[in-house]
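Peer 1: predicted structure and sequence below. I'll ask about it afterward.
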Amino acid sequence: MRLFRAVALIAMCMAGLAAQAQSVKVTGGQIAGTHADGMNTYFGVPYAAAPVGNLRWRAPQPVTPWKGVRQATSFSAACAQTAVWVTDPKSEDCLYLNIWAPEKADKLPVLVWIHGGGYYGGTGSQPGFNGANLARRGAIVVTINYRLGIFGFFAHPELKDESGNQGLRDQIAALHWVKNNIAAFGGDAGRVTIFGESAGGISVAILTASPMAKGLFHRAIAQSGNAGWPMNPGENEPYQQKRVEATGVALAKTVGAKNLAALRAMSVEALQKQPWSARVSVDGHVLREDQTSLYRGHRQNDVPLLVGWNAEEGKDLAPEILNTSEFTAARYKELATKLLGHTPSGDLLAAYPGATDAQAKASLDQLTTDWWGWRKVYWAGLQAKYGGSKAYVYYFTHRPAEPATPCGYGCGAGHGAEIRYVFDNLDQDKRQWSAADRQTAARMADAWVEFARSGSLPDWTPYDGSSASIVRIGEGKDKLPDFSLFQ
């Protein structure tokens, strides 16, 4: 028995040695990750100092160096947040990233994933964002955390040039880290693609607009995201810096904090008890102007662009955007006006009727889906007209295999349904996946990596303003909207 235990212990030690990836020198010191199945992984790698104490709400600061070899074998805490659907440990100390790199990688393209979650929830370590299957196609995959909610989008006059948009500044800091360090993992710092979904897709849009992100990435993919910031001058008012700072001043008054120091002395729990809506601001630093003015002035970060949306997003997004599920005929025009930001035209109301409660519900769901899609198509049109790089647009109509338990969100071609296909992570969910599911996952993952590799999609038609240049992904027969109704 003793001999058996000794042999078993030796085998475990050898397995442990075999499972450790080669240590890598990065900003701050040496890290060691894990090696398995031809993949090197490094989890919980710090890219900035912990934004705690006097660094709360500051722009991200340089990472604090460490001595010895830091074990990068487990994910960090998620950023402090109020999202109940994130069950990971949460902390203000959360500015970390994760890396999947094929063994013997050499100047591979890099995909940097920015998670969604409405800027109030989410984390780069969610299981669906496991980057191994993408990386096996010949890429380095990086997922990041960034500050959220009241900690990531808090503006106050005392913060001066660092007021607001902290979460976006974190994303930019992570991209600086990638530029300076990714070669050590076999990545090509000259071929970095940012990609994200929902709030992550919105972040991609903002980063293409931000002068602070210039030169940090070379392609951009936005999945179901181009809201939450001004698309044209008519949308500027809610995002004005003074207006957003006023909400910070009002919160301080509510909690009896006389200054920023008093706010920083408050606990995470105390701050998160306060109602807070994370809002991007046109702060003059991260973001200077609306999307239309930016592109017309040729001031965007002009990189190849891939954008798209899903055929059934409205059933998930309409209640969130409109902050109600009371979709009745009596409230229909009011809610359509709130969604669009202006009174809907007669032609639009005729195309999306709301004479009965059932019509109102169906039309608000479809109107939200189509309005969501229009914002992606509009953005691609700006790039096609004013940019030097190509833009591509997809429309995801595929319906996944039914889950074993009832689906509550993102069902069918709902919001976020494409993510498992992009990452080719179908097997995380033990459904009876069909051949069409497998083919869709292979098609999307292959396309995303090819786009990261070359900045082009040889089998796709670049977007030229026509419906014919929108690429369908899936067998769904969903009709494309009449986007002229949204002009």
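Peer 2: Perfect, thanks for sending it.
Peer 1: specify the strand with the largest residue count in the chain.
Peer 2: Looking across the chain with DSSP state E, the single longest strand is strand 187-197.
Peer 1: neighbouring strands for that one, and are they parallel or not?
Peer 2: Strand 187-197 sits in its sheet next to strand 108-114 (parallel), strand 219-223 (parallel), going by DSSP bridges.
Peer 1: how about it: buried residues?
Peer 2: By neighbour count with 16 or more other C-beta atoms under 10 Å, strand 187-197 contains the buried residues Gly187, Asp188, Arg191, Val192, Thr193, Ile194, Phe195, Gly196, Glu197. Quick note: C-beta positions are derived from backbone N, CA and C, even for glycine.
Peer 1: will you turn those residues into CSV that also has distance to Asp347?
Peer 2: Output for those, formatted as CSV (distance: C-beta to C-beta, whole Å):
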residue, distance to Asp347
Gly187, 49
Asp188, 49
Arg191, 44
Val192, 43
Thr193, 39
Ile194, 37
Phe195, 35
Gly196, 34
Glu197, 31
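Peer 1: ok, which of the strands paired with strand 187-197 comes nearest Leu263?
Peer 2: strand 108-114 (27.0 Å; C-beta to C-beta).
Peer 1: and that closest one, C-alpha only, in CSV?
Peer 2: Output of strand 108-114 as CSV, limited to C-alpha atoms (Å, rounded to 0.1, in the frame of the first residue of the first chain):
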residue,chain,number,x,y,z
LEU,A,108,-1.0,34.7,-34.1
PRO,A,109,-3.8,37.3,-34.4
VAL,A,110,-5.3,38.4,-31.1
LEU,A,111,-9.0,38.5,-30.2
VAL,A,112,-9.8,40.6,-27.1
TRP,A,113,-13.4,39.9,-25.8
ILE,A,114,-15.3,42.7,-24.0
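Peer 1: state the mean pLDDT of that strand.
Peer 2: If you average the pLDDT over strand 108-114, you get 98.
Peer 1: tell me the buried residues in the first helix or strand past it going along the chain?
Peer 2: Once strand 108-114 ends, the next helix or strand along the chain (criterion: DSSP states H and E) is helix 132-135. The neighbour-count check on helix 132-135 (16+ other C-beta under 10 Å) flags Ala132, Asn133, Leu134, Ala135 as buried.
Peer 1: dump the residue contacts of the nearest residue to the last one once chain neighbours are set aside.
Peer 2: Meaning Ala135. Of all residues not flanking Ala135 in the chain, Trp100 sits nearest, at 4.2 Å (C-beta to C-beta, 6 or more residues apart in numbering). Counting by C-beta atoms under 8 Å, 6 or more residues apart in numbering, Trp100 touches Met39, Asn40, Thr41, Asn130, Gly131, Ala132, Leu134, Ala135, Ile140, Val141, Val142.
Peer 1: Trp100 - that's part of a strand, no?
Peer 2: Yes - remark: Trp100 belongs to a strand, assigned using DSSP: H, G, I helix; E, B strand; the rest coil.
Peer 1: now the most centrally placed residue in the chain: which helix or strand?
Peer 2: By C-alpha atoms, centre = their mean, the chain has its centre lying nearest to Gly200, at 1.6 Å. Following DSSP H and E, one finds Gly200 within helix 199-209.
Peer 1: may I see the strands paired with strand 187-197 organised as a markdown table, with mean neighbour count added?
Peer 2: As requested, the strands paired with strand 187-197 are exported to a markdown table (neighbours: other C-beta atoms under 10 Å):
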| stretch | mean neighbour count |
| --- | --- |
| strand 108-114 | 27 |
| strand 219-223 | 27 |
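Peer 1: which regions of this structure sit below the pLDDT cut-off?
Peer 2: Low-confidence segments of the chain, defined by pLDDT under 70, are located at 1-18.
Peer 1: what about the longest helix in it?
Peer 2: helix 357-386 (DSSP state H).
Peer 1: tell me the angle of that one relative to strand 219-223?
Peer 2: Per axes from the mean of the first three to the mean of the last three C-alpha atoms, to 10 degrees, the angle that helix 357-386 makes with strand 219-223 is 170 degrees.
Peer 1: who touches the next helix-or-strand element following helix 357-386?
Peer 2: Counting by DSSP H and E, the next helix or strand C-terminal to helix 357-386 is strand 391-396. Applying C-beta under 8 Å, 6+ apart, the set of residues contacting strand 391-396 from outside is 304-311, 373, 376-377, 380-381, 383-384, 413, 417-418, 451, 457, 460-463, 469-474, 478, 480.
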